[in-house]
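Enquirer: Sharing a model that was predicted from the sequence below.
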Amino acid sequence: MGAAPSTPDLLVKDPTLLSASAARSDGESATPLWLLRLLHVAKLLGMHPDDIGKNMVLTSTYIVLNLVALALIHECAKLAGFSALCSFRAALFMYVQYAGAIVDWCTLIKANRWRVAELPIVWSPQQRDDMAVLALSQSLKDIPFRASAWFVGTVIPSSLWAMRLGGDGAAVYVVLAVMLMTPMAALHLFFDALTSSFWTNYSNEAQRELRERLLVRKELSLDAALRIHASVNARRRTLASLYANFLPAYFGSWWISEAILVHDGVLRPWGGWPMMLLYVMNVVSLVGVIRPYLEANDWTDTLAREVVESTQLGWSARERTDFVMHLKVSKVEYTVSGYPMTGSFGTTICVAVFAMWLYVYEAQAFNDWPGFSFDMSCGVEVHIT
């Protein structure tokens, strides 16, 4: 790759703000050894943006192994006595979730090729951008939380449902499916940490540095603050464009999966409490995972409030007003189909999911609604025991 461009004003560093592993005595970045090793592993796996051949092999492996895992879950429904078509119908929510995962994987591939010429340091052992080191470290350290959310929110409820559906013979299929999906999920999270999550954290680090220089170290004039904020906004606009391209499809598949879960959990013979547990855990996991994005969207309003309330900034009232007005008119938000991902976004999701469950439950309990007419061919018997 070509050499990194000259460091703009935004990337001027204060070594006292860096962790011990990311700062040297001369004030420049020293990439932690564990980080370089992980990047080397990623390159060997084929996650390097220039390694098209390995990248295609990796993607094909990801798709095939997950499809095999879904086929094993499909067999659990066959053990319950359902036909091949009805077995597919019983596991439909998992196929929809898998489609959402493929959309996300394709987005990571796009993010992997995004701005490579501008910031090749993600893959360079000579990385010297402190914010990039901190951002990549943070995104990698988030993997255990995301893995726990996936395991608790998806694997456990899905496994309980499959074993309850297939009976005694389902355990083998479930174990094999989990053994196939676990390394692929870990690979997905690793890929996300090196691409989409990295760029998000990198933008957040730039925002944090602007705030530190403006409100803590108080070293910026109004003109300097405006120039640096323009650089921050340029990153936010690029991220907003990236999110706008894939979040509608991802959330669309998520909502379809939730609709199938609540419908089947209440009305279908293969439903019951495991599906409803998965329905709830999907919401908890999603809100937990998207929290950093919600906080990032609130950053502009928070900064404007802190500038107004600061008593030691050293700016005149006119300068404060001009800067706050600039923040408001130039605000860049992360959105899903035009809906801002602010702090109320998670609350809206929870309320909508509860309302969807309440509607289906009342339709069945008070109106004896058996479900959609086109979905009756697989029976309306009582739930499996």
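Expert: Yes, it's here. Predicted model, so just to flag it, every value in this text is computed and none were measured.
Enquirer: How about the contacts made by A90?
Expert: Shown in contact with A90 (C-beta atoms under 8 Å, 6 or more residues apart in numbering): 77, 80, 82, 165, 264, 268, 270, 378. Glycine gets a C-beta too; all of them are placed from N, C-alpha and C.
Enquirer: Which single one of those residues is nearest to S310?
Expert: The closest of the contacts of A90 to S310 turns out to be D264 (C-beta to C-beta; 53.9 Å).
Enquirer: count of neighbours near that closest one?
Expert: 25 (other C-beta atoms under 10 Å).
Enquirer: Assess the claim that it and A91 are in contact.
Expert: No: using C-beta atoms under 8 Å as the test, D264 is too far from A91 to be in contact (10.0 Å).
Enquirer: Touching, A149 and V289? I think so.
Expert: Yes: counting by C-beta under 8 Å, A149 sits close enough to V289 to count as a contact (6.1 Å).
Enquirer: Buried residues of the helix or strand containing L72, list them for me.
Expert: Counting by DSSP states H and E, the element that carries L72 is helix 52-79. Buried residues in helix 52-79, counted by 16 or more other C-beta atoms under 10 Å: 55, 58-59, 62, 65-66, 69-70, 72-79.
Enquirer: Identify the residue nearest L261 in space, chain neighbours excluded?
Expert: Y279 (4.4 Å; C-beta to C-beta, 6 or more residues apart in numbering).
Enquirer: Just the pLDDT for the one you found.
Expert: Model confidence at Y279, given as pLDDT, is 93.
Enquirer: Contacts only, for it.
Expert: 258, 261-262, 265, 353, 357.
Enquirer: mean confidence for stretch 357-368?
Expert: Rounded mean pLDDT across stretch 357-368 is 86.
Enquirer: Check the offset of stretch 85-94 from the chain's centre.
Expert: 26 Å (C-alpha atoms, centre = their mean, to the nearest Å).
Enquirer: For that stretch, list every residue counted as buried.
Expert: Result for stretch 85-94 [16+ other C-beta under 10 Å]: buried residues 86-94.
Enquirer: what's the closest of those residues to V307?
Expert: Once C-beta to C-beta is applied, the member of those that ends up nearest V307 is F93, at 47.0 Å.
Enquirer: The closest one and P32: what is the separation?
Expert: Using C-beta to C-beta, to the nearest Å, we find F93 at a distance of 41 Å from P32.
Enquirer: do F190 as well
Expert: From F190 over to P32 (counting by C-beta to C-beta), the distance is 16 Å.
Enquirer: More neighbours: which of these two?
Expert: F190 (20 against 17).
Enquirer: Look up the closest residue to I256, ignoring the ones flanking it.
Expert: V96 (5.2 Å).
Enquirer: Is that neighbour in a helix, a strand, or coil?
Expert: helix (DSSP: H, G, I helix; E, B strand; the rest coil).
Enquirer: What segments of the stretch 1-150 of the chain are helices?
Expert: 33-45, 52-79, 84-90, 92-112, 130-141, 143-150 (DSSP state H, counting those that start in this stretch).
Enquirer: who touches stretch 189-207?
Expert: Residues contacting stretch 189-207 (C-beta under 8 Å, 6+ apart): 10, 38-39, 42, 47, 104-105, 107-108, 111-112, 114, 122, 131-132, 134-136, 138-140, 142-143, 146-147, 150, 231-232, 235-236, 239, 242, 292-293, 296, 299, 303.
Enquirer: make it 6 Å
Expert: 10, 42, 47, 108, 111-112, 131-132, 134-136, 138-140, 143, 146-147, 232, 235, 239, 296, 299 (C-beta atoms under 6 Å, 6 or more residues apart in numbering).
Enquirer: buried subset of those residues?
Expert: 10, 42, 47, 108, 111-112, 131-132, 134-136, 138-140, 146-147, 232, 235, 239, 296, 299.
Enquirer: before we move on, back to that, and which of the buried residues of helix 52-79 is nearest to A170?
Expert: C76 (4.4 Å).
Enquirer: roughly how far apart are the closest one and V174?
Expert: Counting by C-beta to C-beta - C76 and V174 are separated by 7 Å.
Enquirer: Same question for L36.
Expert: On the measure of C-beta to C-beta, L36 and V174 end up 38 Å apart.
Enquirer: between these two, which one's more packed in?
Expert: V174 (23 against 13).
Enquirer: quick one: contacts for that one?
Expert: V174 neighbours (C-beta under 6 Å, 6+ apart): 159, 162-163.
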